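J.: Sequence below, structure please.
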Amino acid sequence: MQRAKIFKYGWQLLKSNCEGAAKQVPTSASSLRNHSVSHLSSQGPKSFGLLFDIDGVLLRGKTVIPGAKQCIRNLVDHNGKYKVPVVFVTNAGNCMRQTKAEQLSHVLDVEVCPEQVMLSHSPLRMFTQFHKMRVLVSGQGPVVEVAQNLGLQDVVTIDMLRDAYPLLDVIDHNRRPKDPSPPSKGLRPIDAIILFGEPIRWETNLQLIVDLLLTNGNPDNVWNSNQYPHIPVLACNMDLLWMAEAKNPRFGHGMFLVCLENLYKKVTGYELKYQALIGKPSVVTYHYAELLIRQQAERLGWTTPVKRLYAIGDNPMADIYGANLYNCYLQAARRTSTQMQATSGGGGSGPFEETLYEAPKMTSTEQGDMSLAHRPVEELPERCSSILVCTGVYSRGQQELPSDPTHTVTEQRIFHGHRDFRFDPTLTQPSFIVQDVKEAVELVFQQEACPLD
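T.: Predicted structure coming up:
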């Protein structure tokens, strides 16, 4: 009964926090000029960190966005040491962290170490229950190397599955086996499916993944639409669209997920279920990013904890939604802790500590898997502010999302969030809107009453 009361109370706190999120801070750089920061100037040592999205904030494809290079260089002193903790958080996931760090170091002319880079699949390191399972991985690039680096020990690729069952992939006539009855080599059944990012041949991956879902991971079996729920599916990167060099957004992995979800439902009549959705905007992603920020602060020799995070991004449904959702979690957790301590007379956390991470519960999909990020509330940041730039997916000319969720699909604007994420207009409203990353960083240092030079 006590656990149920705590859960109900925490959910009410989360809801009230989310509903007021858009009212707590100004939403443009111009309004910042009238926003007092005197409460920060007396805090002494710096206690904030920066989370940078990459595509649409720092880069457009391989092209550096004007001002981005100088902006990042301003965050490094003459000895090459970062002035504040910096982590680059991207929903890209078709490479290794080391590779992405080297790319950023080259284009930005500053040293970026792998520990400063977080890809969409990075939190899979915490999903240890899957590390010894036989998993099928979908994506492109060095997927086996990526999977093994994350701790996955028994990895099967789409190509390996095609080779073992040559009759499964027949959409492209040129890839059909020449032998009309080629032998099947067979594989041990697949225990789980992990989707790293958009594949190259969508039709092949869609066909073989549906095969596994309908055969309990064993293509030797016949399809059984009553085999439900299916084997676990984990997906990294929900971005429907992303910004490259083209004038208009390009399809992201979220579009592939839409195809997979609808194909599965069309064939079976059931909804495709995810064990977890990882990457922005899931809360577990921001927990992991905050852990990296703390590690960077320790390397910088900071003795005070990082209390404030600033997430800079270009996508309202990924960067802004995620940062605001995480901020709602932080506020609800802190308020719940305060209320519970007051109720218990300050006699310690007791049962509350056990249920703290259940209290501000969203949907399980939005959380990712919060049980993997269990931390005392005292170690959490005080808040996470979201900053939207206009150099990527979002531009100032776009119409704002309607406040009524029933009106999300209109001729002007369609809700681009993932199917399993509830629509809440307040979560798509940034703390601040600025033109570019340079203005965003200047805004943060002004907020912190901290000189940038």
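J.: Could you pull up the mean pLDDT of the longest helix seen in the chain?
T.: Of all segments of type helix in the chain, defined using DSSP state H, the longest is helix 321-343. Across helix 321-343, the average pLDDT comes to 86.
J.: For it, C-alpha coordinates in CSV please.
T.: Output in CSV follows, covering the C-alpha atoms of helix 321-343 (Å, rounded to 0.1, in the frame of the first residue of the first chain):
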residue,chain,number,x,y,z
TYR,A,321,11.4,16.6,-25.7
GLY,A,322,14.1,14.4,-24.2
ALA,A,323,15.7,17.2,-22.2
ASN,A,324,12.4,18.4,-20.9
LEU,A,325,11.3,14.9,-20.0
TYR,A,326,14.5,14.3,-18.1
ASN,A,327,14.0,17.7,-16.3
CYS,A,328,10.5,16.6,-15.3
TYR,A,329,12.0,13.5,-13.9
LEU,A,330,14.6,15.4,-11.9
GLN,A,331,12.0,17.9,-10.5
ALA,A,332,9.6,15.2,-9.5
ALA,A,333,12.3,13.1,-7.9
ARG,A,334,13.6,16.0,-5.9
ARG,A,335,10.2,17.1,-4.8
THR,A,336,9.2,13.6,-3.9
SER,A,337,12.3,13.2,-1.8
THR,A,338,11.6,16.5,0.0
GLN,A,339,8.0,15.5,0.7
MET,A,340,8.8,12.0,1.9
GLN,A,341,11.6,13.3,4.2
ALA,A,342,9.1,15.8,5.7
THR,A,343,6.6,13.0,6.1
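J.: Packing partners of it?
T.: When contacts are defined as 3 or more Cβ pairs under 8 Å, 6 or more residues apart in numbering; DSSP states H and E, helix 321-343 packs onto helix 2-19, helix 283-299, strand 308-313, helix 351-355, strand 383-388. (Each C-beta comes from the backbone N, C-alpha and C, glycine too.)
J.: 10 Å instead, please
T.: Contact here means 3 or more Cβ pairs under 10 Å, 6 or more residues apart in numbering; DSSP states H and E; on that basis helix 321-343 packs against helix 2-19, strand 48-52, helix 283-299, strand 308-313, helix 351-355, helix 364-367, strand 383-388.
J.: Describe which strands the last one pairs with in its sheet and in which direction.
T.: For strand 383-388, the paired strands and their directions (DSSP bridges) are strand 308-313 (parallel), strand 432-433 (parallel).
J.: if we can go back for a sec, residues of the longest helix of the chain that come out buried?
T.: Buried residues in helix 321-343, counting neighbours by 16 or more other Cβ atoms under 10 Å, are found at 321-337, 339-341.
J.: Give me the distance from that helix to the chain's centre.
T.: Taking Cα atoms, centre = their mean, to the nearest Å, the mean C-alpha location of helix 321-343 is offset from the chain mean by 20 Å.
J.: got the angle between it and helix 283-299?
T.: Computed with axes from the mean of the first three to the mean of the last three Cα atoms, to 10 degrees, the direction of helix 321-343 lies at 80 degrees from that of helix 283-299.
J.: what's the angle from helix 321-343 to strand 48-52?
T.: Relative orientation of helix 321-343 with respect to strand 48-52: 150 degrees, computed using the same axes, to 10 degrees.
J.: So residue 442: helix, strand or coil?
T.: Recorded secondary structure, residue 442: helix (DSSP: H, G, I helix; E, B strand; the rest coil).
J.: what pLDDT does it get?
T.: Among the per-residue scores, residue 442 holds a pLDDT of 96.
J.: let's number from 623 now, not from 1
T.: All set: I'll call the first residue 623, so the last point we hit is now residue 1064.
J.: unless I'm mixing things up, it is touching residue 934, no?
T.: No. Proximity of residue 1064 to residue 934 does not meet the contact threshold set by Cβ atoms under 10 Å, at 11.5 Å.
J.: which residues touch the residue nearest to residue 730 when sequence neighbours are not counted?
T.: Here the nearest residue to residue 730 in space, its sequence neighbours aside, is residue 694; by Cβ to Cβ, 6 or more residues apart in numbering that works out to 4.9 Å. Residue 694 makes contact with 672, 674, 680, 686, 704, 708, 710, 726, 729-732, 734, 1059-1060, 1063, according to Cβ atoms under 10 Å, 6 or more residues apart in numbering.
J.: in a helix, that's where residue 694 is, yeah?
T.: Yes. Looking at residue 694 with three-state DSSP, it is inside a helix.
J.: can you pull out the helices in this protein?
T.: In the chain, the helices defined using DSSP H lie at 624-641, 651-654, 660-663, 690-695, 719-730, 765-771, 780-786, 824-836, 875-890, 905-921, 943-965, 973-977, 986-989, 1059-1069.
J.: Residue 850 is nearest to which of those helices?
T.: Between residue 850 and the helices of the chain, the shortest gap by Cβ to Cβ is with helix 875-890, which sits at 7.1 Å.
J.: buried residues in that closest one?
T.: Judged by neighbour count using 16+ other Cβ under 10 Å, the buried positions of helix 875-890 are 875, 876, 877, 878, 879, 882, 883, 885, 886, 890.
J.: Using JSON lines, please lay out those residues together with pLDDT and distance to residue 1014.
T.: Formatted as JSON lines, these follow (pLDDT from 0 to 100; distance: Cβ to Cβ, whole Å):
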{"residue": "875", "pLDDT": "96", "distance to residue 1014": "16"}
{"residue": "876", "pLDDT": "96", "distance to residue 1014": "15"}
{"residue": "877", "pLDDT": "97", "distance to residue 1014": "17"}
{"residue": "878", "pLDDT": "98", "distance to residue 1014": "20"}
{"residue": "879", "pLDDT": "98", "distance to residue 1014": "21"}
{"residue": "882", "pLDDT": "98", "distance to residue 1014": "25"}
{"residue": "883", "pLDDT": "98", "distance to residue 1014": "25"}
{"residue": "885", "pLDDT": "98", "distance to residue 1014": "29"}
{"residue": "886", "pLDDT": "97", "distance to residue 1014": "31"}
{"residue": "890", "pLDDT": "96", "distance to residue 1014": "36"}
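J.: for these, which one is nearest residue 859?
T.: Nearest to residue 859 among the buried residues of helix 875-890 is residue 875, at 4.2 Å by Cβ to Cβ.
J.: Now the two most distant members of the contacts of residue 694.
T.: The most widely separated members of the contacts of residue 694 are 686 and 704, with 18.8 Å between them, by Cβ to Cβ.
J.: hang on, the earlier thing: turn the buried residues of helix 875-890 into JSON lines, columns for distance to residue 742.
T.: Formatted as JSON lines, the entries for these read as follows, by distance: Cβ to Cβ, whole Å:
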{"residue": "875", "distance to residue 742": "8"}
{"residue": "876", "distance to residue 742": "11"}
{"residue": "877", "distance to residue 742": "15"}
{"residue": "878", "distance to residue 742": "13"}
{"residue": "879", "distance to residue 742": "12"}
{"residue": "882", "distance to residue 742": "16"}
{"residue": "883", "distance to residue 742": "18"}
{"residue": "885", "distance to residue 742": "22"}
{"residue": "886", "distance to residue 742": "21"}
{"residue": "890", "distance to residue 742": "27"}
